[in-house]
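In: Next one to model:
(chains A and B)
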Amino acid sequence: MKVIGFVCDWAVSTEGLVDGRGELKAYPGVHIVRIPCSGFMRPDWLEQSLRAGADGAFVTGCPYGDCLNREGNYLMRDRMEQLARRLQRRRVDPGRVAMFAHGLHDQQAFLAEVGAFLRRLESLPQPAARPVRPAVGAAAGEAAE
Amino acid sequence: MYRRALTWLLRQTVKLDVYINRIYPSDWNPLYYTGGLAHFFLFLLVLSGILLFFYYVASLDGAYASIRYLSEEVPYGFLLRGLHRYAADGFIVAVLLHLFRNWFTDRYLFARDGPWISGMFLLILGGFVGVNGYQLVWDQRAQAVTEIFVAILGAVPLAGATLVRLFLGSEGISAAMLPRILFLHVGVASFLYVLLWWHYVRLRHPKIWPPATWVLLLLGLLVLLSALPGTRPTAGVPAQPGVRVTAYPLDVFFLLPFWLASYLPPGVVGAGLAGLLLLGYLIPYLKREDESRMGPRHAGVAQVIDGNCTGCELCYYDCPYDAIVMVPSPHPGLTKAAASRKLLAVVIDSRCVECGICVGACPFQALELPRFLEADLMRRIAELVRARAPA
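Out: This is a model prediction of the structure:
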């Protein structure tokens, strides 16, 4: 199981939770990428993560109401809804992306939610998302350029 | 040291939220609305203040009697007076919570110094208006407060005597004083709204009102406080200029510096206050962290990629700090979608807080954070996915 987790740098602290490669110790295969704000995520990047071969992707922001940038997590929550509809149109299961909201100290709650997300992913039919355009899946890094 | 202390305070502040969020849903956490709460109290103060104004007589002989008449003869007058008194306490508490919370949680970084500086002005003038309010009652506490305040003003080097004359209207306490204080109370309080405009000007959707539950709860609490016999503001003892006041009920929220003045010389208290406030102004400019170690927190001011911008205004609507403006496009964009654009997004550097929300808003890849490029992120994702062979 390969999952990319985009975590706002102001939200839950992953100190002690990740190993040297940025994977969660409790759930190997979950890679954590720190981002400036959950609102920084372009929803498309979640879809691209799936197309690159990840089984799932999630964003973690601060608790609703406490975004350092005032609205980043609310905006991201709205964008996730739009993304879910878009994924459905493209025959990708929207259950493979998720948005969490956890504060600096909520490490246990964060891990629990990631665990639940992984169990949900396991229950989904394989494969995750076939690349629409094979070239994107082959080298996702070029998709942005 | 400063950095480590603040990091500790940040962790404690956010830990407090964890406990509060267990009691309330995070949408109702009162600490997420400290500014809104302060604004709510200010609104109550203005409403009750306008009504109080109709009864108040600004003269040395009439002031105390008019307030006594209001609280004892006018139906529900005590409620009006109590609301004004306790809303003022609530206001200063909310303002201080707002200040410390935003300080400890780094909400003054980068372009957020405008709200911080205007907030310091609001704090100073709000405190000044509050002290004025105690003077207007013109009981013994008012007399003591006036004497201490005049002593502090008089201790200002060079300008002291002039400031006292400006404040009192004459050399000592005279008939000219109370109308002047009334104007300072009402006029400066009105000026708070000008400062609030500055406070809010770069915030899209400022949270200026707490959730309805809190409004009703606090309103009920204020009514209870002002109506119950134990906490209802009492008439006190009328002021007698010339007689030395030895004891008066202290309001811990506004009059703490005045309590200090009974132990320290007024010049020291004044200098201490001025020093504290000056430090307050400096907070956004004291370097908290080594900028090179801030990682994603300091990703650089957002930049528009001219060729990709379609002028769709999505970033303009989503930027929480009004840092993006749309200007008439000087030339067509390069991509197909951007070829017929009418507008072009422009980032105003001095307003950008480097959050990247505009990047997430832009479906056309027309915005980037210079130290957190999309291409790098995509490459990293591809590497992460490829790092482990698929199961």
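In: tell me which helix or strand of the chain sits lowest on mean pLDDT?
Out: Let's take chain A. When the helices and strands of chain A are compared on mean pLDDT, DSSP states H and E, helix A:134-138 comes out lowest with a mean of 46.
In: my question was about chain B
Out: helix B:256-260 (a mean of 84).
In: what's that one packed up against?
Out: helix B:140-154, helix B:266-282 (3 or more Cβ pairs under 8 Å, 6 or more residues apart in numbering or on different chains; DSSP states H and E). Glycine gets a C-beta too; all of them are placed from N, C-alpha and C.
In: Now do the buried residues in that helix.
Out: B:257-258 (16 or more other Cβ atoms under 10 Å in any protein chain shown).
In: what residues does it touch?
Out: For helix B:256-260, contacts defined as Cβ atoms under 8 Å, 6 or more residues apart in numbering or on different chains pick out B:131, B:144-145, B:148-149, B:152, B:250, B:269, B:272-273.
In: For chain B, give the residue positioned nearest to chain A.
Out: Of all residues in chain B, B:Gly356 sits closest to chain A, at 3.3 Å by Cβ to the nearest Cβ.
In: What about residue 103, how many residues nearby?
Out: Assuming you mean chain A. Look at A:Gly103: counted by other Cβ atoms under 10 Å in any protein chain shown, it has 22 neighbours.
In: think we crossed wires, I meant chain B
Out: Neighbour tally, B:Trp103, other Cβ under 10 Å: 18.
In: who's in contact with it?
Out: Counting by Cβ under 8 Å, 6+ apart, B:Trp103 makes contact with B:6, B:9, B:283.
In: Tell me who's in contact with B:Val223.
Out: Per Cβ under 8 Å, 6+ apart, neighbours of B:Val223: B:79, B:82-83.
In: give me the element it is part of.
Out: Per DSSP states H and E, B:Val223 falls inside helix B:212-227.
In: Mind listing what's buried along that helix?
Out: Buried, per 16+ other Cβ under 10 Å, within helix B:212-227: B:214-215, B:218, B:222, B:225-226.
In: just stretch B:38-54 next, same as before
Out: B:38-42, B:44-46, B:48-49, B:51-52.
In: Pull the contacting residues for the residue of chain B closest to chain A.
Out: B:Gly356 sits next to A:35-37, A:39-40, B:299, B:302, B:369, B:372 when contact means Cβ under 8 Å, 6+ apart.
In: Now with 10 Å, please.
Out: B:Gly356 makes contact with A:35-42, A:69, A:72, B:296, B:299-300, B:302, B:367-369, B:372, according to Cβ atoms under 10 Å, 6 or more residues apart in numbering or on different chains.
In: now the residues you listed: which count as buried?
Out: A:35-42, A:69, A:72, B:296, B:299, B:302, B:367-369, B:372.
In: Show only the entries of these found in strands.
Out: Judged by DSSP state E, strands contain the following of the buried ones among the contacts of B:Gly356: A:35, B:367-368.
In: Which single residue of chain A ends up nearest chain B?
Out: Closest residue of chain A to chain B, Cβ to the nearest Cβ: A:Phe40 (3.3 Å).
In: mind checking pLDDT for that residue?
Out: For A:Phe40, the pLDDT comes out at 96.
In: repeat for A:Gly115
Out: So, for A:Gly115, pLDDT stands at 96.
In: what helix or strand does it sit in?
Out: Using DSSP H and E, A:Gly115 maps to helix A:107-123.
In: Are that helix and chain B in contact anywhere?
Out: Yes - judged by Cβ under 10 Å from any Cβ of the partner chain, helix A:107-123 and chain B are in contact via A:Ala109.
In: all helices in chain B, in order from the N-terminus.
Out: For chain B, applying DSSP state H gives helices covering B:2-23, B:34-55, B:62-72, B:77-104, B:113-136, B:140-154, B:160-168, B:177-200, B:212-227, B:256-260, B:266-282, B:314-318, B:357-361, B:374-387.
In: export the ones you listed to TSV and tack on distance to B:Val243?
Out: Below are the helices of chain B laid out as TSV (distance: least, Cβ to Cβ, whole Å):
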stretch	distance to B:Val243
helix B:2-23	46
helix B:34-55	26
helix B:62-72	14
helix B:77-104	25
helix B:113-136	17
helix B:140-154	8
helix B:160-168	18
helix B:177-200	17
helix B:212-227	29
helix B:256-260	18
helix B:266-282	20
helix B:314-318	63
helix B:357-361	62
helix B:374-387	74
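In: Nearest to A:Phe100, out of those?
Out: With Cβ to Cβ, the closest approach to A:Phe100 among the helices of chain B belongs to helix B:2-23: 14.2 Å.
In: And for that closest one, what's in contact with it?
Out: With Cβ under 10 Å, 6+ apart as the test, helix B:2-23 has contacts from A:10, A:13, A:62-66, A:102-106, A:109, B:26-32, B:100-106, B:283, B:286-290.
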